[in-house]
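Colleague: Below are the sequence and a predicted model for it; my questions follow.
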Amino acid sequence: METQELGRRLESLLATKKPPIAIAFLDRAPADVPRIDAAQPAGCGYWRVAAEEGKVFHTEAPDHHGCPIGAHTHGVALPPDVAKQLEGMIGTMVGLEYLTMAEIPSIPTRKKPFGVAVYSPVAKAPVEPDVIMVRGTARQMMLLAEASQSAGVLGEGPTSGRPTCAALPLAIDTEKTASSFGCIGNRVYTGLEDGEGYVAIPGKRLAAIVERLAVIVKANAALETFHRGRLPA
């Protein structure tokens with residue numbers, strides 16, 4: 001089943017408010033995929049553009065300089081002035097005790113050099129995605145976690161923590177799902193609601209997860225009826 005059809009099934013099965021988005025990291029952009037017309041203050045802002053506006057577009061390295069930490073997780077080489085901003089931002093976060101210097105080396109990052117990133121709703125994906133970001137409620141995340149577990153690709157350990165964009169390289173590298181409650185920057189730039197979070201799906205595992213999700217959604221509907229029937233009158 002092609003990626004676009006899988007995207008439509010994923011969105012339908014979860015009944016998400018925002019469509020899941022596809023992200024592909026390529027050496028160069030496909031000829032028919034335009035560059036984003038306005039740079040966002042953070043890389044996760046492109047998730048919002050793809051989901052809310054339904055756009056298919058690509059970004060280049062300078063489009064990620066607005067958020068040095070996001071650029072770091074994406075493997076974007078930073079010019080000296082932007083690298084200095086990253087040092088300053090990290091210094092501020094450490095000063096606020098938001099994180100410690102010891103945590104920084106453990107933040108997941110893409111290992112390959114950054115060329116371009118292609119963004120779109122999964123149902124419009126022009127190329128095979130490296131990772132899919134699903135935004136949803138705790139109930140929707142539950143269904144997706146159960147489907148991932150059933151497919152044998154549920155990520156190990158707790159949520160990926162901050163920054164939210166670290167879930168992308170984590171899912172790609174491990175070929176397992178990575179969940180995130182978001183971070184305050186992501187919530188500001190994407191409008192993520194208080195009751196929402198993310199699951200990052202490695203592109204290679206999308207078909208397996210969607211196949212199991214169809215079974216899990218049906219099973220949960222039946223089990224909910226069963227459990228409600230056991231409640232005292």
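Modeller: Arrived safely.

Colleague: In the top helix by length along the chain, which residues are buried?
Modeller: Longest helix of the chain, by residue count under DSSP state H: helix 206-229. Within helix 206-229, the residues scored as buried using 16 or more other C-beta atoms under 10 Å are 206-210, 212-213, 216-217. Where C-beta positions appear, they are placed from N, C-alpha and C, glycine not excepted.

Colleague: From the residues you listed, pick the one nearest Ala77.
Modeller: Leu206 (29.1 Å; C-beta to C-beta).

Colleague: distance of the closest one from Leu170?
Modeller: According to C-beta to C-beta, to the nearest Å, Leu206 and Leu170 sit 16 Å apart.

Colleague: Tell me if I'm right that Gly185 and Pro163 touch.
Modeller: Yes. With contact defined as C-beta atoms under 8 Å, Gly185 reaches Pro163; the gap is 6.9 Å.

Colleague: Gly7 is in what secondary structure piece?
Modeller: Assessed by DSSP states H and E, Gly7 sits inside helix 3-14.

Colleague: Just the C-alphas of that helix, formatted as PDB.
Modeller: Extracted C-alpha coordinates of helix 3-14, given in PDB (Å, rounded to 0.1, in the frame of the first residue of the first chain):
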ATOM      1  CA  THR A   3       2.300   6.000   1.600                       C
ATOM      2  CA  GLN A   4      -0.500   8.400   0.800                       C
ATOM      3  CA  GLU A   5      -3.200   5.700   1.300                       C
ATOM      4  CA  LEU A   6      -1.500   4.600   4.500                       C
ATOM      5  CA  GLY A   7      -1.700   8.300   5.600                       C
ATOM      6  CA  ARG A   8      -5.400   8.400   4.900                       C
ATOM      7  CA  ARG A   9      -6.000   5.200   6.800                       C
ATOM      8  CA  LEU A  10      -3.900   6.400   9.800                       C
ATOM      9  CA  GLU A  11      -5.800   9.600  10.000                       C
ATOM     10  CA  SER A  12      -9.200   7.900   9.700                       C
ATOM     11  CA  LEU A  13      -8.400   5.200  12.200                       C
ATOM     12  CA  LEU A  14      -7.200   7.600  14.900                       C
END
